[in-house]
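J.: give me a model of this one.
(one chain, ligands or ions: 1)
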Amino acid sequence: MLATDALALAGVDAYYGDSWILQGVSFRLGEGRLLGLLGRNGAGKTTCMNVAVGLLPPRRGSVRVFGDETSRLAPEQIALRGVALVPQGRRVFRSLSVRENLVVAARKPVGGGAAAWSLDTVYAMFPRLDERKHQMAAHLSGGEQQMLAIGRALMSNPRVLLMDEPSEGLAPQIVADVMATVRKLKESGLSIVLVEQNPKLVFDVADDIVILDTGRVAVAATTAEVEHGVDLGQHLGVF
Ligand SMILES: Nc1ncnc2c1ncn2[C@@H]1O[C@H](COP(=O)(O)OP(=O)(O)OP(=O)(O)O)[C@@H](O)[C@H]1O
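T.: Numbering: from 1, shown residues only. Take a look at the predicted model:
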């Protein structure tokens, strides 16, 4: 593994009970890069995210965050190393206000130094959240809840941001807004995994592509390599 890998899974096997879901999954997210993790329904994308943040410890294999082994650490310890998840389905605290959702997630950056993200900078990125800061999260639209879920993850000042299907269930214009946000975050230098079912969204922003097929890595390549001819249809069922 290169020292510059922000996140690296190597030979990861993960189970839910007796169900063997991830079967020898390996991929690497380079520092400052955006990796698009694609695959059909049930391919194991969310399971990879759960493993990366410590919610599902792998039975075999290694997970490293900036070179440090994290596969045996608790989720809080992994969060302290700068890994933040924007979970599938947003999972905002519905009975808290927008502001409270953000404040409870605030954390200093790993290793000290100036925090890139605070209430002010999150509100600057998402003015709509500023306008609605005193509203209960339950009263936000789906798009606003997605902004809040992203803002909440940013408040932890992460080094690695994992985004699990942030476009799911949103209208096309809102999806475009979410993808513009993803692009800005990438330009800010954050290392990002973007989980998606829609390859077209991913190809626009990703440096690297990993396609999961029934718990195994079917394709791992740069976006340019994928665009120049790797046949994805059999793995995604879309082309
Ligand atoms: N808590 C659980 N207990 C048992 N099996 C689970 C659990 N969560 C997911 N699975 C199974 O694990 C497999 C991988 O699911 P996972 O959610 O990782 O897929 P995914 O690629 O994220 O799909 P989706 O796009 O539908 O979210 C599926 O067969 C799913 O049914």
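J.: when you work out contacts or count neighbours from here on, use the C-alpha atoms and nothing else.
T.: Noted.
J.: spatially central residue for the protein, please.
T.: Nearest to the mean C-alpha position of the chain, by CA atoms, centre = their mean, lies L162 at 1.6 Å.
J.: strand partners (parallel or antiparallel) of the helix or strand hosting it?
T.: Under the criterion DSSP states H and E, the helix or strand holding L162 is strand 160-164. Note on strand 160-164: by DSSP bridges, its sheet partners are strand 83-86 (parallel), strand 191-196 (parallel).
J.: tell me which of those strands sits nearest to the ligand.
T.: Set against the ligand and scored by CA to the nearest ligand atom, the strands paired with strand 160-164 come closest in strand 191-196, at 7.4 Å.
J.: buried residues in the top helix by length along the chain?
T.: Criterion DSSP state H: the longest helix present in the chain is helix 172-187. Neighbour-count burial for helix 172-187, counted by 16 or more other CA atoms under 10 Å, picks out 174-175, 178-179, 181-182, 185-186.
J.: ok, now stretch 59-78?
T.: Along stretch 59-78, these residues count as buried under the neighbour rule (16+ other CA under 10 Å): 60-66, 70-71, 75, 78.
J.: could you list the low-pLDDT ranges of the protein?
T.: Within the chain, the stretches with pLDDT under 70 are 1-3, 229-239.
J.: if you set the cut-off to 80 instead, what comes out?
T.: Low-confidence segments of the chain, defined by pLDDT under 80: 1-4, 112-115, 227-239.
J.: which stretches of it form helices?
T.: Secondary structure of the chain (DSSP H): helices at 45-52, 75-80, 98-104, 119-125, 127-131, 142-155, 172-187, 199-205, 223-227, 233-236.
J.: ranking these by burial, who's on top?
T.: helix 142-155 (a mean of 24; mean count of other CA atoms under 10 Å).
J.: turn the strands paired with strand 160-164 into JSON lines, including mean neighbour count and distance to the ligand.
T.: JSON lines is the format used below for those (neighbours: other CA atoms under 10 Å; distance: least, CA to the nearest ligand atom, whole Å):
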{"stretch": "strand 83-86", "mean neighbour count": "25", "distance to the ligand": "13"}
{"stretch": "strand 191-196", "mean neighbour count": "25", "distance to the ligand": "7"}
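J.: looking at those strands, which is closest to T46?
T.: Among the strands paired with strand 160-164, the nearest to T46 by CA to CA is strand 191-196 (7.8 Å).
J.: tell me the domain ranges of this protein?
T.: Here the domain assignment for the chain is 1-82+163-239, 96-158, based on automatic domain parsing.
J.: show me what from this structure comes close to the ligand.
T.: 16, 21, 39-47 (CA under 6 Å from any ligand atom).
J.: which of those residues count as buried?
T.: For those, a neighbour count by 16+ other CA under 10 Å gives the buried set as 21, 39-40, 43-47.
J.: can I get the residues you listed in JSON lines including distance to G142?
T.: Formatted as JSON lines, those follow (distance: CA to CA, whole Å):
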{"residue": "I21", "distance to G142": "30"}
{"residue": "G39", "distance to G142": "23"}
{"residue": "R40", "distance to G142": "23"}
{"residue": "A43", "distance to G142": "25"}
{"residue": "G44", "distance to G142": "24"}
{"residue": "K45", "distance to G142": "22"}
{"residue": "T46", "distance to G142": "20"}
{"residue": "T47", "distance to G142": "23"}
